Each structure stands twice: as C-alpha cells, then as structure tokens.
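A.B. asks: Fold the following.
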Amino acid sequence: MPPRRAIDVRQAADGAAQPMWRMSLLENTFNSFLQSSAVGDDAAAARAVFVEGSLFSPFLFGKFFDPADAFPLWEFETEVLLAALRRGARTTVDWAETDSEYYLRADIPGGRKCDVEVSGDTMRVVDISGLWRAPPADCLDWRAGRWWEHGFVRRVELPDDADWRKVEAYFDDGEGSLEIKVPKNGDARQAAAAAAAATA
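C.D. replies: Prediction:
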C-alpha cells in the first residue's frame, strides 16, 4: 500500500458555515492549557501538535493568532512570514502559488491524520482539523467547546480565484505530512496567461 493517499475533502452543506470553532482560543487560555497539561502522555501529545513551527501553533505567524480564525495565507510570502522560524529551522510548513494552483504542505506532528473541509458563506475557507486525543465522553461535538483540549485546527482563507470545488488533499503516512492543492479557476488562469503574453 503506497504511503501517500488521497483524503476526501468535504464540502459544507449548501455552503453554510458549520457550527464549529465557536469558542475562541485566547493567548492566556492557551498558555494555561499547556501549563496544566505539563506532564504525562497527553502533555507530550499536546506539545507535539502545538509546538512553535507547527501548522496548528497559535504562534506560527510570529504573534498569537487563533488557529480557528480564517487566515489569508496566500496573501503573504512564505519566506517573509516565516522568516524567524526558518532561521531556527523550526517549521515544516510551506505554501506557494503557481500559475495554475495554490499549494500547502505541512508536517502533522506524530503522523496524525487530518480532516479537510471547505466551508463558509462563500466556500472560501479550508478547515484542516483532527484529534490529538480522544473526544469527550459526553458525545458532544468536540469542536464546539474547548476544542484545543482534544483536537487541532488551522482555518485558511482561499483567494478569490481559487476553485474550491476542486480542492485536493493528500496524506503521506510515511512522512506524516499533509499536502493540499487548490486549483485556480479557469478564468483566472486565462487572464494570467493573457497578461504574460501581453508583456512578452
């Protein structure tokens, strides 16, 4: 069995935002959470998921940012936004834009599996999430409460020219890495080709 496999990308019904990530993660709450889980297997798992440089770290972009808030990732140059982390070789997150697609690759700490979903009022948000420990026993949706105690998320806002209907996601079980490809819609590609031809 090949280690790289496709992940089903779910689309929220009728483009409606799902009732998840309702509780905001604040910096003092996050720091208290890490301190309170400072021992045992859960502590090691939590630190692996939320370590600086991880896609799911609230400090990925140099200052605290709730991972459940949609971030316009492709509006920023990778090297500029992650410069401090790259100098210390503390991140394994990369994203890029080509003429035909947007690309995101990230290591998932501990080789954890992920869910990928496109949601939001205009289907412009990609939710990358998963569990780092068992969900609560009360069977409630773990995403609606203190989600960081059970899972992880990074919500990424797609650019206007992204074709959300064709988002592809892959997980490499051997490397423990996630890869997401978002094609640009045909009109945007044609406009880019025409602009390139006009300047040539």
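A.B. asks: Return the distance of the closest residue to residue 186 other than its chain neighbours relative to residue 71.
C.D. replies: Spatial nearest neighbour of residue 186, excluding adjacent residues (C-beta to C-beta, 6 or more residues apart in numbering): residue 163 at 7.9 Å. The C-beta positions use only the backbone N, C-alpha and C, and glycine is treated the same way. For residue 163, the distance to residue 71 equals 20 Å [C-beta to C-beta, to the nearest Å].
A.B. asks: list the buried ones in stretch 118-125?
C.D. replies: Buried residues in stretch 118-125, defined by neighbour count with 16 or more other C-beta atoms under 10 Å: 118-120, 123-125.
A.B. asks: mind putting these in JSON lines, distance to residue 112 and secondary structure included?
C.D. replies: Output for the buried residues of stretch 118-125, formatted as JSON lines (distance: C-beta to C-beta, whole Å; DSSP: H, G, I helix; E, B strand; the rest coil):
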{"residue": "118", "distance to residue 112": "21", "secondary structure": "strand"}
{"residue": "119", "distance to residue 112": "21", "secondary structure": "strand"}
{"residue": "120", "distance to residue 112": "24", "secondary structure": "coil"}
{"residue": "123", "distance to residue 112": "26", "secondary structure": "coil"}
{"residue": "124", "distance to residue 112": "26", "secondary structure": "coil"}
{"residue": "125", "distance to residue 112": "21", "secondary structure": "strand"}
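A.B. asks: Where does confidence bottom out across these?
C.D. replies: Across the set of the buried residues of stretch 118-125, residue 120 stands lowest in pLDDT, at 71.
A.B. asks: any idea how far residue 46 is from it?
C.D. replies: On the measure of C-beta to C-beta, residue 120 and residue 46 end up 28 Å apart.
A.B. asks: for residue 133, same thing?
C.D. replies: 8 Å.
A.B. asks: which phi and psi does residue 9 have?
C.D. replies: With angles defined as degrees, to the nearest 10, residue 9 sits at phi -100, psi 110.
A.B. asks: what's the burial count for it?
C.D. replies: If you count neighbours by other C-beta atoms under 10 Å, residue 9 ends up with 18.
A.B. asks: so what's it bridging to?
C.D. replies: residue 116 (DSSP bridges).
A.B. asks: so who does it touch?
C.D. replies: 116-118, 167-169 (C-beta atoms under 8 Å, 6 or more residues apart in numbering).
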